[in-house]
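Chemist: Just need the structure, nothing else, for what follows:
(chains A and B)
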Protein chains: 2
Amino acid sequence: MNLRVKEPNSWTQIREELLRRINERVWQPGETIPGEADLAEEFGCARTTVNRALRDLAETGLVIRKRKAGTRVAVNPPHKATLTIPIIREEVEARGAEHRHVLTLKEIRPLPPHLHAAFPVPPGADALYTETLHYADDRPFLYEERYTNLEAVPEMSVAPMDKISLNEWLVQNAPYTTGDMTFFAISADTALARFFECPVGTALYVVERITWNSDLPITHVRMTYAPGYRMRTRI
Amino acid sequence: MNLRVKEPNSWTQIREELLRRINERVWQPGETIPGEADLAEEFGCARTTVNRALRDLAETGLVIRKRKAGTRVAVNPPHKATLTIPIIREEVEARGAEHRHVLTLKEIRPLPPHLHAAFPVPPGADALYTETLHYADDRPFLYEERYTNLEAVPEMSVAPMDKISLNEWLVQNAPYTTGDMTFFAISADTALARFFECPVGTALYVVERITWNSDLPITHVRMTYAPGYRMRTRI
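Modeler: Next up, the predicted model:
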């Protein structure tokens, strides 16, 4: 492809051509690509136009720019997945089922020792422990165990938890700035086996999530999904 | 906080103040915030400066701008996690262990029917099936089953698979544009139980990943992790 035409190329056209060379491996991963001046000459445009295109590619992580060493094609470019804290009701409804939740336990509890490091609620602050069962068309869908730092979300004590699940209430009322997610597998104990109507020992998929608003921990939730559940994301 | 000072505020200062109002819920999730003209007057700056700050917040998904309806605070703002395809060797080494891999099977195979929809290798194209065992300090770490579309990666037939794992070789040699990841739990069958030295039926965490280079499917990999493994990410 010869980009040297009468009209000077726009920076987006140049970005397209650079992208093509990276994706078709005209330039190999790890390879140093020609300098700005050379590219500007090849494309018959200003150096600033090439610079604009390269900056854009560097922001997405496809190339790595070093002041002295020039620009290299990234070996393992990051791919970004957009992770939104899902509203369980919406996830169930997206599967064409009706969502229902039952709050089975709600009490002020001391934080269990194994959470102290991961979920550092200030000493003396109350944590509200809740257990919520989520159903899809009356089939068990998700078992939710949650500790919430009431100091971070004082309004929660008056949340209408029978009408709206804490998951949905917190998404709408407790903005978070960062979060930490962990994914793993467990074997169903007797309580989980009873809820999911499956044999004890069945492999279950679990997500644990902690969210913060700046330095303030908001909530620690452990979500155990029904047997066979699969979580999907695009990268 | 009164931002009306003698010096006009920069757009980044205004963005900071808007961010504060969103995070401290001066403006509630879902609420329509004041218009650009009102904010420009309040902050004593040009409307274009407010516009620049709002555009930035809209790009990160914190506010939603509609031409007629004005600007609303997002109810469930997206948080982006950067997902890079991990190099297993580096993950093992980051845990302070030594990585070793053994390629136990490598053969041209027809794609199993259950993969036809998810991994549409062109009819007649060869898929290379490989099984790789990954160890951390001689403890079993990961069981990798992979189908690779040789039409997408012809050079793979000469990859030095005993020296470098296919995972690492593909990351370095087969750039991808999109991918699809699925996370779930399974019970160990006899083969997995033998490899992981665990009882049959033990809950194991599984990641399946398909990558494409534009429309060309590259590889479908199923990674089963050792009992107790947890995958973490920040949002």
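Chemist: okay, and the helix or strand of chain A with the least pLDDT?
Modeler: strand A:79-83 (a mean of 63; mean pLDDT, DSSP states H and E).
Chemist: What lies in contact with whichever helix or strand comes after it?
Modeler: The C-terminal neighbour of strand A:79-83 among helices and strands, as given by DSSP states H and E, is helix A:88-94. Helix A:88-94 is contacted from outside by A:98-99, A:101, A:134-136, A:141-142, A:144, A:165, A:167-168, using Cβ atoms under 8 Å, 6 or more residues apart in numbering or on different chains. Just so you know, the C-beta spots here come from the backbone N, C-alpha and C atoms, and that holds for glycine as well.
Chemist: Just the buried ones out of those, please.
Modeler: Those of the contacts of helix A:88-94 that meet the buried threshold are A:99, A:101, A:134-136, A:141-142, A:144, A:165, A:167-168, by 16 or more other Cβ atoms under 10 Å in any protein chain shown.
Chemist: Now tabulate those in a markdown table and tack on secondary structure and distance to chain B.
Modeler: Formatted as a markdown table, the buried ones among the contacts of helix A:88-94 follow (DSSP: H, G, I helix; E, B strand; the rest coil; distance: Cβ to the nearest Cβ, whole Å):
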| residue | secondary structure | distance to chain B |
| --- | --- | --- |
| A:99 | strand | 16 |
| A:101 | strand | 18 |
| A:134 | strand | 17 |
| A:135 | strand | 20 |
| A:136 | strand | 17 |
| A:141 | strand | 15 |
| A:142 | strand | 14 |
| A:144 | strand | 17 |
| A:165 | coil | 14 |
| A:167 | helix | 11 |
| A:168 | helix | 9 |
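Chemist: From residue B:209, how far off is residue A:52?
Modeler: 33 Å (Cβ to Cβ, to the nearest Å).
Chemist: Same drill for the two, tell me which one is more crowded.
Modeler: residue B:209 (19 against 16; other Cβ atoms under 10 Å in any protein chain shown).
Chemist: Find the helix or strand that the more buried one is a member of.
Modeler: strand B:203-213.
Chemist: and that strand, what other elements does it pack with?
Modeler: When contacts are defined as 3 or more Cβ pairs under 8 Å, 6 or more residues apart in numbering or on different chains; DSSP states H and E, strand B:203-213 sits against strand A:178-187, strand A:203-213, strand B:178-187, strand B:216-225.
Chemist: Near residue A:89, how many other residues are there?
Modeler: Per other Cβ under 10 Å, the neighbour tally for residue A:89 reads 18.
Chemist: What pLDDT does the model give it?
Modeler: Here, the pLDDT recorded for residue A:89 equals 90.
Chemist: which residues does the nearest residue to residue A:207 once chain neighbours are set aside form a beta bridge with?
Modeler: In this structure, residue A:207 finds its nearest non-sequential neighbour in residue A:223, 4.8 Å apart by Cβ to Cβ, 6 or more residues apart in numbering or on different chains. On the basis of DSSP bridges, residue A:223 is bridged to residue A:144, residue A:207.
Chemist: OK, contacts around residue A:129?
Modeler: By Cβ under 8 Å, 6+ apart, the contact list for residue A:129 reads A:105-109, A:145-147.
Chemist: Please apply the same query to residue A:146.
Modeler: Going by Cβ under 8 Å, 6+ apart, residue A:146 touches A:129-132, A:166, A:219-222.
Chemist: Which of those residues sits closest to chain B?
Modeler: Of all the contacts of residue A:146, residue A:222 has the smallest distance to chain B: 12.1 Å, by Cβ to the nearest Cβ.
Chemist: tell me the contacts of the closest one?
Modeler: Counted by Cβ under 8 Å, 6+ apart, residue A:222 has contacts A:144-146, A:206-208.
Chemist: ditto for residue A:168
Modeler: Counted by Cβ under 8 Å, 6+ apart, residue A:168 has contacts A:87-89.
Chemist: Any chance of these in a markdown table with distance to residue B:152 as columns?
Modeler: Shown next, in a markdown table, are these (distance: Cβ to Cβ, whole Å):
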| residue | distance to residue B:152 |
| --- | --- |
| A:87 | 37 |
| A:88 | 37 |
| A:89 | 40 |
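Chemist: Would you format the helices and strands packed on strand B:203-213 as CSV with mean pLDDT included?
Modeler: CSV is the format used below for those (pLDDT from 0 to 100):
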stretch, mean pLDDT
strand A:178-187, 90
strand A:203-213, 93
strand B:178-187, 91
strand B:216-225, 93
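Chemist: about what we covered before: out of the contacts of residue A:168, flag the one nearest to chain B.
Modeler: Using Cβ to the nearest Cβ, residue A:87 comes nearest to chain B of these, at 6.9 Å.
Chemist: any idea what sits nearest residue A:151, other than its immediate chain neighbours?
Modeler: Nearest one to residue A:151, counting by Cβ to Cβ, 6+ apart, is residue A:125 at 4.4 Å.
Chemist: now that neighbour, what's its secondary structure?
Modeler: coil (DSSP: H, G, I helix; E, B strand; the rest coil).
Chemist: Let me know whether it touches residue A:150 as I believe.
Modeler: Yes. Applying Cβ atoms under 8 Å as the test, residue A:125 and residue A:150 come out as touching, 6.9 Å apart.
Chemist: picking that back up, quick one, which of the helices and strands packed on strand B:203-213 gets closest to residue A:64.
Modeler: Ranking these by proximity to residue A:64 (Cβ to Cβ) places strand B:178-187 first, at 20.8 Å.
Chemist: Does chain A have contacts with the closest one?
Modeler: Yes. Strand B:178-187 is in contact with chain A by Cβ under 8 Å from any Cβ of the partner chain, via B:178-187.
Chemist: Can you name the next helix or strand after that strand?
Modeler: helix B:190-196.
Chemist: Would you mind listing the buried residues in that following helix?
Modeler: Buried residues in helix B:190-196, defined by neighbour count with 16+ other Cβ under 10 Å: B:192-193, B:195-196.
Chemist: now swap in stretch A:11-22 and tell me
Modeler: For stretch A:11-22, by 16+ other Cβ under 10 Å, it's A:11, A:13-15, A:17-19, A:22.
Chemist: cool, stretch A:50-66 as well?
Modeler: So stretch A:50-66, judged by 16+ other Cβ under 10 Å, has buried residues A:50-54, A:56-57, A:62-64.
Chemist: hmm, who's touching it?
Modeler: Contacts of stretch A:50-66 (Cβ under 8 Å, 6+ apart): A:11-12, A:14-15, A:18-19, A:22, A:33, A:36, A:39-40, A:43, A:71-74, A:77-78.
Chemist: can you list the domains in chain A?
Modeler: As given by automatic domain parsing, the domain ranges for chain A are A:11-73, A:88-225.
Chemist: Can you get me the start-to-end distance on the last one?
Modeler: Spelled out, it's domain A:88-225. 11 Å (Cα to Cα, to the nearest Å).
Chemist: Same question for the first one.
Modeler: Start to finish, the residues bounding domain A:11-73 are 18 Å apart (Cα to Cα).
Chemist: now that domain, how far from the centre of its chain.
Modeler: How far domain A:11-73 lies from its chain's middle: 29 Å, per Cα atoms, centre = their mean, to the nearest Å.
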